[in-house]
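J.: coords below, sequence missing:
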């Protein structure tokens, strides 16, 4: 039910390879299904400010079982989740956090990546997540 | 690699002179390349609220290697980094924080200034940073 | 009523000279009579952990108008102030923080020093405080 | 000057091997010379509460350039550093955190381990640190 350290390391290795392939320096965090840090990897020359953001993206994706960018679309001014970032000691709701879903459709953890554009962050997180599972949970009211 | 205290004092002195020249009362903070406070200077009659803002501006510039105002342009509602201020125990993303880059192109620290308009804050920070180095890091996706 | 930046710089310079004379690397913080940071100076190679401790010592001395070590004597297990360190976002109650008292007997600020033994920290703080004022306030119930 | 990710991974691998050899489940954290997280590894079945402790041990060792247990010996009731744990957003001052010192005698980072007895935590941290450097800084008043 929880992502194992072996899986977390596989996800980080896949994310690292993707980050290198696109010429970026990333912070990569993996949390378990309780939202607690399982593994973390900061590439040399990655932004110091990304250490916290990568972890918050992983937690945010885990907390709500959806990519962080989907929450951000709902948390804009006037949106239904405006200000949700104030909860849980701070969320990050732009792209780069993705749930990790096992073969039974259960969320075993999440990955968060920070260090470049949000498009690159998301691509690297996806490479990591897909190395060990799926990224889509069964339907959820906010996700349809 | 870290800004020295001698450099930090030179940056503060240059920033102070600029602040005085334009008739403002500023808080001036210098952090090292780890984002940790190296030196701080509060002019008489500066806003008490600027003590924290100057430090957070310096940290924000250091955390991402760019002027704080550039991050603020991306963190507006609907922007790619909306809500980034919730990370790292609170960022300040309007102008007044600037990286300090040594002659080898390495970021050795950052300076943050608060106490007047954001234009004045930025001008004073720039005077401080330029006294001991450059303010531009090598290219990065968000900065081109 | 508040320590001026000119005085704060004089205190820091005297503290720095003392620190150098005894071969130590110190963080030196000066707060005003509101407990808000006025100036800060970190000597090269000072402990990173002393940045926060120097500031907390200055605040603690200011908050209660007495040297930090006097509070620490009262905050031991079984003592009347046991656990006071949990207040005010964290106090430091061992020596190294000293009030700064002006010629009218009014507390204008405080200085905090961290980076060596508590004896050295206290000696350096005292050198700083005495450069611009006294360190003793009129009598106080807890101090007699 | 900062520990590299390659070195951090070597330290974690050596620590993991030691932890496995003595039949324990550990959280292992490596921070750079600014006290910022470089890498983190949680073995399966390690205590959730150790995630934070391992990181705080690494930071504490880095903040003061000495093994965490040395600070704890000084922070006991009646000791010179009683209550130091209230600084820096919380220190951990029992064994398990060790500085990492490079061949030039410069502290490049620190490692923190939590998950078993403090003796085991220290032994695992030492195995990690020694895989990439020394653990002793040049002399300091508190360390002689």
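T.: Alright, I've got the coordinates. Remember, it's a predicted structure, so these values are computed and weren't measured experimentally.
J.: Tell me which residues are up against stretch A:125-141.
T.: Residues outside stretch A:125-141 that contact it (Cβ atoms under 8 Å, 6 or more residues apart in numbering or on different chains) are A:3, A:7, A:10-15, A:17-18, A:28, A:30, A:57, A:65-67, A:96-103, A:105, A:107-108, A:110-113, A:143. Placement of C-beta: from N, CA and C, glycine included.
J.: Identify those among these that sit within strands.
T.: Counting by DSSP state E, the contacts of stretch A:125-141 place A:28, A:30, A:97-101, A:107-108, A:110-113 in strands.
J.: Most neighbours among the residues you listed, which one is it?
T.: residue A:97 (38 neighbours; other Cβ atoms under 10 Å in any protein chain shown).
J.: ok, that residue - contacts?
T.: By Cβ under 8 Å, 6+ apart, the neighbours of residue A:97 are A:56-61, A:67-68, A:110-113, A:125.
J.: Burial check on residue A:90, number of neighbours?
T.: Other residues close to residue A:90 by other Cβ under 10 Å number 19.
J.: ditto for residue A:130
T.: Using other Cβ under 10 Å, the number of residues around residue A:130 comes to 17.
J.: Roughly how far does it sit from chain C?
T.: The gap separating residue A:130 from chain C is 39 Å, by Cβ to the nearest Cβ, to the nearest Å.
J.: Stretch A:108-119 close to chain D?
T.: No. If you take Cβ under 8 Å from any Cβ of the partner chain as the test, stretch A:108-119 misses chain D, and the best it gets is 11.3 Å.
J.: next one: stretch A:39-56
T.: Yes. Against chain D, stretch A:39-56 shows contacts by Cβ under 8 Å from any Cβ at A:39, A:40, A:41, A:42, A:43, A:44, A:48, A:51.
J.: Quick check: chain neighbours aside, which residue is closest to residue A:82?
T.: Nearest-residue entry for residue A:82: residue A:75, 5.8 Å, with adjacent residues in sequence omitted and distances by Cβ to Cβ, 6 or more residues apart in numbering or on different chains.
J.: Pull the number of nearby residues for the one you found.
T.: By the measure other Cβ under 10 Å, the count of residues near residue A:75 is 20.
J.: mind listing what it touches?
T.: With Cβ under 8 Å, 6+ apart, residue A:75 has these contacts: A:81, A:82, A:83, A:84, A:85, A:93, B:82, B:83.
J.: Out of those residues, who's the most crowded?
T.: Among the contacts of residue A:75, residue A:93 has the most neighbours (other Cβ under 10 Å), with 27 neighbours.
J.: burial measure for the closest residue to chain B within chain A, as a count.
T.: Nearest residue of chain A to chain B, counting by Cβ to the nearest Cβ: residue A:49, 2.6 Å away. Using other Cβ under 10 Å, residue A:49 has 25 neighbouring residues.
J.: thinking it is in contact with residue B:89, fair?
T.: No. Residue A:49 is beyond contact range of residue B:89, at 10.8 Å (criterion: Cβ atoms under 8 Å).
J.: Who are the contact partners of the closest residue to residue A:58 other than its chain neighbours?
T.: Distances taken as Cβ to Cβ, 6+ apart place residue A:112 nearest to residue A:58, at 3.1 Å, with adjacent residues excluded. Residues in contact with residue A:112, defined by Cβ under 8 Å, 6+ apart, are A:28-31, A:53-61, A:68, A:92, A:96-98, A:125.
J.: can you tell if the helix ranked longest in chain A touches chain D?
T.: In chain A, taking DSSP state H as the definition, the longest helix is helix A:5-21. Yes. Counting by Cβ under 8 Å from any Cβ, chain D has neighbours in helix A:5-21: residue A:5.
J.: Any buried residues in that helix, and which?
T.: Neighbour counts over helix A:5-21 (16 or more other Cβ atoms under 10 Å in any protein chain shown) mark A:5, A:7, A:8, A:9, A:10, A:11, A:12, A:14, A:15, A:16, A:18, A:19 as buried.
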